[in-house]
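> turn this into a model:
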Amino acid sequence: EEGIEVILINPNIATVQTSTEKNEVTPGADKVYFLPIRPNVVMDIIHKEKPDGIIVSMGGQTALNVGVQLWNSGELQKAGVKVLGTQIPAIEATEDREIFSEKLKEIGETIALSYSATNVQEALKAANKIGYPVLVRAAFALGGLGSGFADNDEELKELALKAFT
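The predicted model follows:
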């Protein structure tokens, strides 16, 4: 409708967005590459297709990681590709809990009390300071990897053991 060509890189052939069939319900992509989302693969496609922009915030943790890596290495800028949608500094700020907390404080938003832990004992100590139930995030990952709830020390130990191995 807008005359914009859409090129999709998606390693999962079982998803709806891989359709190139255009209709009112699913506009589809103009081209679909069924390839892994890796920096070298993405740059090969960028060099071939010469897009004006890229959206890294629609593709889960892998797309976020690759987009941030390509931006920080200067490869996207060198290829003249703009990041559309969520910008890299915003992605980086939300990936790092300390930076994210500071950004929320800057705009007067409150956040849940949280602590970092690098082992099970630290996790138990933090949970007992906060009080149960607690939400465990095993990594700074927007994709949601390693999350879980614990209602007591035993459940936390089980989650933490998985997180730290």
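> mind checking the SS state of the residue nearest the centre of the chain?
By Cα atoms, centre = their mean, the chain has its centre lying nearest to residue 61, at 3.4 Å. State at residue 61, reduced to three classes by DSSP: H, G, I helix; E, B strand; the rest coil: helix.
> can you list the weak-confidence ranges in this protein?
Judged against pLDDT under 70, the low-scoring parts of the chain cover residues 1, 14-27, 139-146.
> can you show me the strands along it?
7-9, 31-33, 53-55, 82-84, 134-137, 147-150 (DSSP state E).
> so which of those strands is nearest residue 105?
Residue 105 sits nearest to strand 134-137 of all the strands of the chain, at 19.1 Å, using Cβ to Cβ. Yep, even glycine has a C-beta here, placed from its N, CA and C like the rest.
> pairing partners for that closest one, with directions?
Paired with strand 134-137 in the same sheet, following DSSP bridges, are strand 147-150 (antiparallel).
> send the alpha carbons of the partner strand over as CSV?
This file holds the C-alpha atoms of strand 147-150, laid out as CSV (Å, rounded to 0.1, in the frame of the first residue of the first chain):
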residue,chain,number,x,y,z
SER,A,147,12.7,-16.6,33.9
GLY,A,148,10.6,-18.2,36.7
PHE,A,149,8.8,-17.5,39.9
ALA,A,150,9.7,-18.9,43.3
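> same question for stretch 56-69: list its buried residues.
Buried residues in stretch 56-69, counting neighbours by 16 or more other Cβ atoms under 10 Å, are found at 56, 57, 59, 63, 64, 65, 66, 67, 68, 69.
> before we move on, what about stretch 93-103?
For stretch 93-103, burial by neighbour count (16+ other Cβ under 10 Å) applies to 93, 95, 100.
> try stretch 121-141
Burial within stretch 121-141, assessed by neighbour count using 16+ other Cβ under 10 Å, is assigned to 123, 124, 126, 127, 134, 136.
> sounds good, over and out.
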